[in-house]
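> Sequence and predicted model, in that order:
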Amino acid sequence: MASVDVGGPGVPEAGLSDQTGEFTGRYLVVFSDEVHGDAGATNATLQSVAGISNMVSTLDFAGGAADPDATGDADAMLFAELGVAVVSAESAEGGAVGALNADPRILSIEPERILYAIADPPLSLEYVRGYRDAIANLYEQLSGGVEARTEAGTAAAFADNASLTWGLQATRACTSPRTGVDIRLAVLDTGFDLTHPDFVDRPVLSQSFVAGPAVQAGHGHAPHWVGTPGGPTSPAGGGRRYGVATSASILVGKVLSNQGSGADSNILAGISWAIANGADVISMSLGADVQQVSQAYEAVGRRALQAGSLIVAAAGNNADRAAGDNGFVGIPANSPSIMAVGAVDSDLRIANFSARSSPVAGGKVDIAGPGVTVYSSWPMQVAPNRYHTISGTSMATPHVAGLAALLGEATGARGAQLWAKLTQAARPLRLSSADVGAGLAQAPQQ
Amino acid sequence: MREKVTVTVDDDHLGQVASLAEQLSTAGMEVEQVLGEIGIITGSAPAERRAALEGLAGVSAVESENSFQLPPSDSEVQ
């Protein structure tokens, strides 16, 4: 076994894994897409590279269900549907593993692990719980309690700089090659400042669904919320970039009055309009502190997904975590078919105000976005004019909407598929999933 | 007393939203918006007519309208 870079059966190679654990002595070989799905090619790979001929495949069994008792003497077991083979220790001893490692048709090779069902751990739960509590106490004492809400273990602090907001950095929107080309992004809100210098060259389709003043907003929220998902690469008004999807087509539906109030009839009319106008993503930074799911929003969210429109909504700001109140996700974000967005700060801590999942079916936070001290556009005629920095799940929501636009462009996914892309791409946070769902939404990097 | 209501049309009647709106009107609802795209009809109805509206074939739910209020523009948390 001269050229074998494996220590022997049961011992992982240093470069493969430095984790402790128990191993079976067999190896998992993962085939590349080049040969995956082609039973002949995968067999040939194992044969030509590693000299393994005594193998069985799941294709040999009815329904693809391998019978462990019937595979006993084989040197390799091929899971054809998965593009994975389990190779015996003897083959590894013979030098096959090293040769396989160098072959381009092989993605990876790693020692097979012994796994335990969570319900049946090797240590008693009581023992582990005592250990956890002791460590938590120690941590609390050492940190003086100040970091109780932080994402323990990481030093991921972000800050606005001269060219970028912290949110664009934390979500990696600033390094994404995607800009939301051909994606229609609707923001349903208090309107928009159509005279804002950052958007004068941008085609914005707008419509009002409230009585009285037209789309031109007298309330600051909406420009802020339009700015975050759709602001330009180089703001004409000067200053740093704050927009996520700089090329997305923007639709603005005014569903709330200049005083920031509205009702179901305004909002539902806006959603209907957005869908009819081909919106791929609909951003709603609004909510009511009602825990029970509205059947209307649930049906509408579902129909929107079927039509290829993903609705993202603010989880809500009804928490006061410092005072021990975690709040709850309200209407419409508590609909299972509407993506609920929580807010984290630039240290990736949960925001003090960000609502937690409720026990109501669907009333859970699905994902998180940057939502504390968020810099974006502001109406020219409303103080502090042009730009403003504020906080809320209302700021986290348009970040996620913009990121959905980038992922929509990158993957072509729409509706429920786009939802899945967003949660799959999210950066896991060491925070409760009840607070941040799948984690911090991320931009595609290709 | 009339109250604002939101009517959700069930999946099987999405093709007949307009005619359902007429039936709701006959049953005592003052219809304001017919949103065929998403199967929603909004308007108002006397509380005592609510059960009759809910009983119509094609009506999935009749709910009281929610209202939404943002914090003022100068609030730090939005």
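Right, received. Where do you want to start?

> use CA for all of it now, contacts and neighbours both
OK.

> Could you point out the longest helix of chain B?
helix B:17-26 (DSSP state H).

> How about it and chain A, touching?
No: applying C-alpha under 8 Å from any C-alpha of the partner chain, one finds helix B:17-26 separated from chain A by no less than 13.6 Å.

> Please spell out which residues along that helix are buried.
By neighbour count with 16 or more other C-alpha atoms under 10 Å in any protein chain shown, helix B:17-26 contains the buried residues B:V17, B:A18, B:L20, B:A21, B:L24, B:S25.

> Provide the secondary structure category for B:D12.
helix (DSSP: H, G, I helix; E, B strand; the rest coil).

> Quick check: phi and psi on B:Q69?
phi -140, psi 120 (degrees, to the nearest 10).

> now it, nearest residue through space, not along the chain?
A:S261 (4.3 Å; C-alpha to C-alpha, 6 or more residues apart in numbering or on different chains).

> Confirm for me that that neighbour is in contact with B:P71.
No: between A:S261 and B:P71 there is no contact under C-alpha atoms under 8 Å: 9.2 Å.

> So which of these two has more stuff around it?
A:S261 (18 against 13; other C-alpha atoms under 10 Å in any protein chain shown).

> Please tell me how far A:T171 sits from chain B.
21 Å (C-alpha to the nearest C-alpha, to the nearest Å).

> go on, A:N317?
8 Å.

> neighbours around that residue, how many?
When neighbours are counted by other C-alpha under 10 Å, A:N317 comes out with 29.

> quick one, what contacts it?
A:G327, A:F353, A:S354, A:A355, A:G392, A:T393, B:V77, B:Q78 (C-alpha atoms under 8 Å, 6 or more residues apart in numbering or on different chains).

> ok, now with 6 Å
A:F353, A:S354, A:A355 (C-alpha atoms under 6 Å, 6 or more residues apart in numbering or on different chains).

> per-residue pLDDT, the last one?
Same thing as A:A355. At A:A355, the pLDDT value in this model is 96.

> can you count the residues close to it?
32.

> re earlier: could I get the contacts of A:N317 in CSV, plus columns for distance to A:N266?
Compiled in CSV, the contacts of A:N317 are given as follows (distance: C-alpha to C-alpha, whole Å):
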residue, distance to A:N266
A:F353, 26
A:S354, 25
A:A355, 24
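
> now, which of the residues you listed sits nearest A:Q295?
A:A355 (21.0 Å; C-alpha to C-alpha).

> give me phi/psi at the nearest residue in space to A:A85 that is not next to it in sequence?
Nearest residue to A:A85 in three dimensions, chain neighbours excluded: A:L78, at 4.2 Å (C-alpha to C-alpha, 6+ apart). Backbone geometry at A:L78, expressed as degrees, to the nearest 10, gives phi -100, psi 120.

> Can you pull the residues of chain A lying near chain B?
With C-alpha under 6 Å from any C-alpha of the partner chain as the criterion, chain A comes near chain B at residues A:219-220, A:260-264, A:272, A:288, A:296, A:300, A:390-392, A:394.

> If you rank these by neighbours, which is first?
A:S394 (34 neighbours).

> wait, isn't that one in contact with A:A313?
No: between A:S394 and A:A313 there is no contact under C-alpha atoms under 6 Å: 8.0 Å.

> what's the overlap in contacts for these two?
A:S285.

> how far does stretch A:45-52 sit from the chain's center?
Relative to its parent chain, stretch A:45-52 has a centroid offset of 39 Å by C-alpha atoms, centre = their mean, to the nearest Å.

> how about that stretch: buried residues?
Those would be A:T45, A:L46, A:V49, A:A50, A:I52, for stretch A:45-52 by 16+ other C-alpha under 10 Å.

> which residues touch the nearest residue to A:D160 once chain neighbours are set aside?
The shortest distance from A:D160 to any non-neighbouring residue, by C-alpha to C-alpha, 6+ apart, is to A:W166 (4.5 Å). Applying C-alpha under 6 Å, 6+ apart, we find A:W166 in contact with A:F158, A:A159, A:D160.

> and the first one, how many neighbours?
Other residues within reach of A:F158 by the criterion other C-alpha under 10 Å amount to 16.

> for the one 5 residues further on, same thing?
A:S163 is surrounded by 14 other residues when neighbours are defined as other C-alpha under 10 Å.

> for the helix or strand hosting A:L406, which positions count as buried?
For A:L406, the host element (DSSP states H and E) is helix A:393-411. Under the neighbour-count criterion of 16+ other C-alpha under 10 Å, helix A:393-411 has A:393-410 buried.

> returning to what we had before: between the residues of chain A next to chain B, which sits nearest A:A416?
Nearest member of the residues of chain A next to chain B to A:A416, counting by C-alpha to C-alpha, is A:V300, at 13.4 Å.

> Tell me how far the closest one lies from A:S376.
30 Å (C-alpha to C-alpha, to the nearest Å).

> cool, and A:G51?
61 Å.

> And A:V35, by the same measure?
48 Å.

> hmm, stretch B:6-15 touching chain A?
Yes: applying C-alpha under 6 Å from any C-alpha, one finds that stretch B:6-15 is in contact with chain A at B:T8.

> Any idea how far apart the tips of that stretch sit?
First-to-last residue span, stretch B:6-15, C-alpha to C-alpha: 18 Å.

> what's the answer for stretch B:20-37, then?
Rule used - C-alpha to C-alpha; the end-to-end distance of stretch B:20-37 is 14 Å.

> What ranges does the stretch 301-446 of chain A have for its helices?
A:393-411, A:415-425, A:433-436 (DSSP state H, counting those that start in this stretch).

> can you check chain B too?
Under DSSP H, chain B gives helices at B:17-26, B:50-54.

> would you turn the ones you listed into TSV with mean pLDDT?
Shown next, in TSV, are the helices of chain B (pLDDT from 0 to 100):
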stretch	mean pLDDT
helix B:17-26	97
helix B:50-54	96
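
> As a markdown table, those with distance to A:Y27 would be great.
Shown next, in a markdown table, are the helices of chain B (distance: least, C-alpha to C-alpha, whole Å):
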| stretch | distance to A:Y27 |
| --- | --- |
| helix B:17-26 | 60 |
| helix B:50-54 | 62 |
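
> pLDDT at the residue nearest to A:A85, what is it?
For A:L78, the predicted pLDDT is 77.

> Kindly report the same for A:S433.
pLDDT, A:S433: 94.

> A:V56 pairs with what?
Under DSSP bridges, the beta-bridge partners of A:V56 are A:M77.

> Neighbours of it, how many?
22.

> And for B:G55?
13.

> and chain B, which residues reach chain A?
So chain B meets chain A at B:8, B:37-38, B:65-70, B:73, B:76-78 (C-alpha under 6 Å from any C-alpha).

> please redo it, this time with the cut-off set to 10 Å
Contact residues, chain B versus chain A (C-alpha under 10 Å from any C-alpha of the partner chain): B:4-11, B:32-43, B:60-78.

> For the nearest residue to B:K4 once chain neighbours are set aside, grab the count of nearby residues.
Once flanking residues are discounted, B:K4 sits nearest to B:S44: 4.1 Å by C-alpha to C-alpha, 6+ apart. Summarising burial for B:S44: neighbours were counted as other C-alpha under 10 Å, giving 21.

> Would you confirm that B:S44 contacts B:V5?
Yes: applying C-alpha atoms under 10 Å, one finds B:S44 in contact with B:V5, separated by 5.2 Å.

> what residues do these two have in common as contacts?
B:M29, B:E30, B:V31, B:R50, B:S64, B:E65 (C-alpha atoms under 10 Å, 6 or more residues apart in numbering or on different chains).
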